[in-house]
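> What follows is a protein structure lacking sequence information:
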């Protein structure tokens with residue numbers, strides 16, 4: 001990663017990752033609400049492990065007033081599609097009192113990205129939750145994909161190597177500018193990707209392009225072995 005090594009915490013299993021992540025997320029939310037006069041901007045990740053985290057957060061926090069939730073990346077499918085990260089967020093993190101910001105459910109990646117960027121404006125995210133793909137991608141920024149170099153806050157993504165091929169994603173600049181990032185990394189299939197992320201910055205491993213400062217990596221033993 002850029003400029004050093006992130007904070008790496010290794011725990012037993014995905015449930016332990018979700019539990020510790022919930023503690024860190026709730027602490028970051030409370031800190032942002034206090035420091036920013038009642039507002040916190042939190043970007044959500046998609047995937048199985050984030051889903052476990054959202055279940056924990058739902059159990060532990062009843063009032064999300066002042067929290068603005070953003071979708072870190074989305075597949076270009078309708079919001080009710082099984083692959084939709086918007087659907088995942090609504091189903092697993094109801095977050096009473098929060099403001100949920102979602103991209104449009106229709107249109108090209110360019111149309112959806114531009115509309116979502118108009119919502120995000122110039123806000124600096126307090127916390128971004130991120131997953132890690134087996135190819136070391138994060139959000140929908142894939143190895144050597146032009147989206148990596150796109151300076152826009154929300155970037156259209158074409159030709160993703162896993163379906164669906166058309167997506168939108170928070171851009172590398174927004175992810176890097178966030179005050180805090182938490183990676184959730186679980187499973188033996190992520191071992192090589194984790195090593196790439198923690199190594200030298202490379203376009204072949206987009207997750208490695210993020211700054212180490214402000215980044216916490218929560219990994220289970222299978223991913224770190």
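Perfect, I can see it now. Keep in mind it's a predicted model, so treat the numbers as computed, not measured.
> in the protein, which spans are strands?
7-11, 40-44, 67-71, 73-75, 99-101, 127-131, 154-157, 167-170, 181-185, 215-220 (DSSP state E).
> Format these as TSV; extra columns: distance to residue 199.
In short, each C-beta sits where N, CA and C put it, glycine included. Conversion of the strands of the chain to TSV gives the following (distance: least, C-beta to C-beta, whole Å):
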stretch	distance to residue 199
strand 7-11	13
strand 40-44	24
strand 67-71	28
strand 73-75	23
strand 99-101	33
strand 127-131	17
strand 154-157	24
strand 167-170	22
strand 181-185	14
strand 215-220	13
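> Pull out the buried residues from the longest helix anywhere in the chain.
Under DSSP state H, the helix in the chain containing the largest number of residues is helix 14-35. Buried positions in helix 14-35, judged by neighbour count with 16 or more other C-beta atoms under 10 Å: 14, 16-22, 24-25, 28-29, 32-33.
> Now for residue 60: which residues touch it?
Residues counted as contacts of residue 60 (C-beta atoms under 8 Å, 6 or more residues apart in numbering) are 22, 26.
> tell me the pLDDT at it?
Looking at residue 60, its pLDDT is 97.
> so how far is residue 66 from the residue lying farthest from the centre of the chain?
What lies farthest from the middle of the chain is residue 37; by C-alpha atoms, centre = their mean that is 24.1 Å. When distance is defined by C-beta to C-beta, to the nearest Å, residue 37 is 9 Å away from residue 66.
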